[in-house]
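K.L.:
Curious how this folds, go ahead:
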Amino acid sequence: MGEYRRAYDDWQADPEGFWGAAAEAVTWTRPPVRVLDAGTPPFYRWFPDAELNTSVNALDRHVDAGRGDATALVYDSPVAGTTRRLTFAQLTDEVARAAGALASLGVGRGDRVIIYLPMIPEAVVAMLACARLGAVHSVVFGGFAAPELAARIDDARPVAIVSASCGIEPTRLVPYKPMLDEAIALATHKPAACVIVQREQQRCELLAGRDHDWEPLVTAAPPHPAVPVAATDPLYILYTSGTTGRPKGIVRDNGGHAVAMAWSMRNVYGIGPGDVMWAASDIGWAVGHSYTVYAPLIAGATTILYEGKPVGTPDAGAFWRVIAEHGVNILFTAPTAIRAIKKEDPAGALAGRYDLASLRALFLAGERLDPATFDWATAVLGLPVIDNWWQTETGWAICSSPFGLERMPLKAGSPSVPMPGYDVRVLGPAGEEVAAGVEGAICLRLPLPPGTLPTLWEDDDRYVASYLSAFAGYYLTGDGGFVDDDGYLYVLGRTDDVINVAGHRLSAGSMEAVLASHPAVAECAVVGVADTFKGQVPRGLVVMKSGVETSSAALEAELVALVRAEIGPVAALRRVDVVAALPKTRSGKILRRTMRELADGRSPAVPSTIEDVAVLDAIRPVLAPDS
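P.N.:
Below you'll find the model as predicted:
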C-alpha cells in the first residue's frame, strides 16, 4: 500500500480522527475537543469548540521557535525594479504594527477590511494584520473597476479600506486612488477610513479626515497583540469572479483553513520549514490567498511575492530567473502562464540560461491543463509537472498527485486523484453514480473537508441553492468529467461548456486537447455556437506560437482535419480561426461564455475580471454571427 492510499484509507475509515490528528500541526489557544459539528446538515463546522489566531500560526510561533532570522517573504518586482527580503521577526513586527494602526482607526474583531492593493509587501502585511485583530479581510484585485469595487464595499460593509496610490504594469501606471474614490462615491456604505500606500512611481492626494498615509501611520503604531478567535469565525471573504448583481462572497473560516493549509503544504506540495514556495498568483485570487500568503508561512517556509508577468518583464525567461535567484523549490502557477512562455519561447531555450537545480516540481491549476502544455513543460524542465484541480470555494486541491506523500505516476490531462477529505463522485442526470470512463457531473459528497467554504457571506440560502441543491448530500462543482479505471479524475470543463450537436453531447475540452496537440498552436478555445439545424456547432479559436512559418488558412484547415481524425465527423468542427490572443480574466481563465454569447449574436456585459478589454474587442468581429 502506497503512502497516498494509506492516508486516503485512514481518512475514509475515521474522518474525525484523521483531521483531529492533522490539527496537531496547528498552534491553538484552545485546542479542539470536538472535530466536526454535523448537527445541522448541510451546514458543517470544523473544530467548533477550538480557538486560535491565524497570524500567530503564520508568524509568531516560528519566531518563538527560534527561527526569527529565517526569511519569510521575498518581494521581487521587475516592474518596480525592487527586491526586498523580510525575516519572520521583521514580518511579525510589521504585521503587529499594522494591526495597531488598523485598531487605532476602529477596526476590531469581526469587522471587515477591504484590501485593494497591488502585489507589494504591504498587501501581505495588511492581510495578516486583519487576521491578528480577528478582523475579516476581503481582498479585491487591484485595478478592479469602481462599480465592481463599490458592489463589494456594499456587500462587506468594511470599517476601513487599505489601498495604494497606483499599481505598475509593464507599460503603464494604473492610478488606484481615483477608482477607489469613485467606488466609495458609488457605494451606499461609506468606510470610516482609508489607508493609502504611497508609491514613489505615482503619489496621490489624500482626503483630509478619511485618508491616512500607510507609512507614518504604521511606523508610529504600537504593536498589537494577537486576538484569539473561534475556529469557526471567518478569516476572510473572497468574491468569485464574473458575478452580477450582489457579489457571491466565499467565506473561509480560521480553524479549518489553518489545518488544511498545514496538511496540504506538507503532503501535497512537500514543503516545510526552510523551503521556498512560489505561487505566482495575484493575492486577489484563491491561489494567492492560500499558497502565496497563508500556507507557506504557516508551514514555516519562504514565500515569493512577485510583481510582474511571465513574459514581458522583461522576457519569457522571467519565471526561470526568479527560480534561480531565490532558490525556489516548488513553482505553482496557471497553465495560461506556461502557455504564454511557450508561445514566446517554443523551444524553451531561455530556461537553459538559468540554474534551476533547486526546483523540485511544477504545479499548475486555475485552468484546464491540456496535454500539449503538460508535455512541453515536462520536456523543458525534466521534472514532475503536476496538475491540481480545485476551486475558489474549496481553497485547496480537490485532486492532485500528492508530491509530499508519494511520487505517483502522472497522466496528461488528469489532475490525478482525490485528496483525503474529498469524496469525489461522477453523477448522471438522475444523481446515479456512473461507471468508470463515463462522463457526468463531478460532485463532492458532504461534508466538505476543513478549509472549504462553510457558506456564503450572509447568505445561507444562496449557498444551498448554488452548490447543494442539484443532488441531495452532494456539493456540485459545476465541472464535468470522468474517472478512469485507476481512479484518476479527468476534468473536461464546466458543465455549461458541453456542446450539444444534434443530440450528441461533446466536450469542448476534448476538442481543445486535439487543437492544442498541433505543434503550431500556443493556446486555444472551443465554444458552442447556436445552429438552426444541429442545435449547436463548435467553433475553434487558436493562437499561433511565435516564429511558426505557416499561413493562418493552412493551419485552420489542418486543425479541422485533425479534429475530424481524432474525434470523428460527429464533432462537426468546421471552422477554426487564428487570432492574436484569447480574452481572459486576470487569473488566466479564458472567457468562453463571453465568446459564446458573442458568437450567438448577443451583447454580453464585459466581465469585471477581464485582463485586457482590447483583446475582447479585437475578437468581436471574428465571432460575429455573419463573419
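K.L.:
where are the low-confidence patches of the protein?
P.N.:
Within the chain, the stretches with pLDDT under 70 are 1, 241-246, 496-498, 500, 502-505, 533, 568-570, 627.
K.L.:
Let me know the next secondary structure element after the longest helix belonging to it.
P.N.:
Longest helix in the chain, counting residues (DSSP state H): helix 88-104. Scanning forward in sequence from helix 88-104 by DSSP states H and E, the next helix or strand is strand 112-116.
K.L.:
could you say what helices and strands that next one packs with?
P.N.:
Packing contacts for strand 112-116, counted by 3 or more Cβ pairs under 8 Å, 6 or more residues apart in numbering; DSSP states H and E, involve helix 121-133, strand 136-139, helix 146-156, strand 160-164. The way it works is simple: take the backbone N, C-alpha and C, and place the C-beta from them, glycine included.
K.L.:
what sits up against stretch 469-487?
P.N.:
Contacts of stretch 469-487 with the rest of the structure, by Cβ atoms under 8 Å, 6 or more residues apart in numbering, involve 42, 389, 391, 398, 411, 414, 417, 424-427, 431, 434, 436-446, 448, 467-468, 489-498, 507.
K.L.:
Return the distance of residue 422 relative to residue 477.
P.N.:
Per Cβ to Cβ, to the nearest Å, residue 422 is found 10 Å from residue 477.
K.L.:
Common neighbours of the two, please.
P.N.:
Joint contacts of residue 422 and residue 477 (Cβ under 8 Å, 6+ apart) are 398, 444.
K.L.:
contacting residues around residue 385?
P.N.:
In this structure, residue 385 makes contact with 361-362, 364, 374, 377-378, 410, judged by Cβ under 8 Å, 6+ apart.
K.L.:
before we move on, back to that, give me the buried subset of the contacts of stretch 469-487.
P.N.:
42, 389, 391, 398, 411, 414, 417, 424-427, 434, 439-444, 446, 448, 467-468, 489-495, 497-498, 507 (16 or more other Cβ atoms under 10 Å).
K.L.:
State whether residue 309 is indeed within a strand.
P.N.:
No - Residue 309 is assigned coil when assessed by DSSP: H, G, I helix; E, B strand; the rest coil, not a strand.
K.L.:
tell me the contacts of the nearest residue to it once chain neighbours are set aside?
P.N.:
In space, and not counting its chain neighbours, residue 309 is closest to residue 170: 6.1 Å by Cβ to Cβ, 6 or more residues apart in numbering. Residues counted as contacts of residue 170 (Cβ under 8 Å, 6+ apart) are 79, 308-309, 312-313.
K.L.:
from what I can see residue 446 touches residue 42, true?
P.N.:
Yes - between residue 446 and residue 42 there is a contact under Cβ atoms under 8 Å: 5.8 Å.
K.L.:
Now list whatever residues contact both of these two.
P.N.:
Residues touching both residue 446 and residue 42 by Cβ under 8 Å, 6+ apart: 468, 473.
K.L.:
which two from the contacts of residue 385 end up farthest apart in space?
P.N.:
Farthest pair in the contacts of residue 385 (Cβ to Cβ) is 361 and 374. Separation: 12.8 Å.
K.L.:
Pick out whichever of these two has more residues nearby.
P.N.:
residue 374 (23 against 19; other Cβ atoms under 10 Å).
K.L.:
can you redo the helices and strands packed on strand 112-116 as JSON lines with distance to residue 258 and mean neighbour count?
P.N.:
Below are the helices and strands packed on strand 112-116 laid out as JSON lines (distance: least, Cβ to Cβ, whole Å; neighbours: other Cβ atoms under 10 Å):
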{"stretch": "helix 121-133", "distance to residue 258": "10", "mean neighbour count": "27"}
{"stretch": "strand 136-139", "distance to residue 258": "15", "mean neighbour count": "26"}
{"stretch": "helix 146-156", "distance to residue 258": "22", "mean neighbour count": "21"}
{"stretch": "strand 160-164", "distance to residue 258": "23", "mean neighbour count": "27"}
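K.L.:
nearest to residue 225, of the ones you listed?
P.N.:
Closest to residue 225 of those, according to Cβ to Cβ: helix 121-133, at 8.1 Å.
K.L.:
picking up where we left off before, and the contacts of residue 385, which is closest to residue 161?
P.N.:
Nearest to residue 161 among the contacts of residue 385 is residue 364, at 33.0 Å by Cβ to Cβ.
K.L.:
roughly how far apart are the nearest residue in space to the closest one that is not next to it in sequence and residue 323?
P.N.:
Using Cβ to Cβ, 6+ apart and skipping the chain neighbours, the partner closest in space to residue 364 is residue 335 (5.0 Å). Distance, residue 335 to residue 323, using Cβ to Cβ: 18 Å.
K.L.:
For those two, indicate the residue with more neighbours.
P.N.:
When neighbours are counted by other Cβ under 10 Å, residue 323 comes out ahead of the other of residue 335 and residue 323, with 25 against 22.
K.L.:
Now, the contacts of stretch 469-487 that are in strands?
P.N.:
Counted as lying in strands by DSSP state E, out of these, are 417, 424-427, 440-445, 489-494, 498, 507.
K.L.:
what's downstream of the helix or strand hosting residue 331, the next helix or strand?
P.N.:
Taking DSSP H and E as the criterion, residue 331 maps to strand 330-333. Downstream of strand 330-333, the first helix or strand assigned by DSSP H and E is helix 335-344.
K.L.:
what's the spacing between that next one and its chain's center?
P.N.:
In this view, helix 335-344 has its centroid 17 Å away from the chain centroid, taken as Cα atoms, centre = their mean, to the nearest Å.
K.L.:
now for that helix, which elements pack on it?
P.N.:
Here helix 335-344 touches strand 361-364, helix 371-381, strand 521-531, going by 3+ Cβ pairs under 8 Å, 6+ apart.
K.L.:
quick one on the thing from earlier: make a markdown table out of the contacts of residue 170 and add neighbour count and distance to residue 94.
P.N.:
Shown next, in a markdown table, are the contacts of residue 170 (neighbours: other Cβ atoms under 10 Å; distance: Cβ to Cβ, whole Å):
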| residue | neighbour count | distance to residue 94 |
| --- | --- | --- |
| 79 | 21 | 22 |
| 308 | 22 | 22 |
| 309 | 18 | 27 |
| 312 | 16 | 31 |
| 313 | 18 | 26 |
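K.L.:
Farthest pair within those residues?
P.N.:
Largest separation among these by Cβ to Cβ: 79 and 312, giving 9.6 Å.
K.L.:
Quick check: the residue nearest to residue 309 vs residue 443, distance?
P.N.:
Distance, residue 170 to residue 443, using Cβ to Cβ: 41 Å.
K.L.:
just residue 173 next, same as before
P.N.:
For residue 173, the distance to residue 443 - Cβ to Cβ - is 45 Å.
K.L.:
Residue 541 too?
P.N.:
Look at residue 541 and residue 443: by Cβ to Cβ, they are 30 Å apart.
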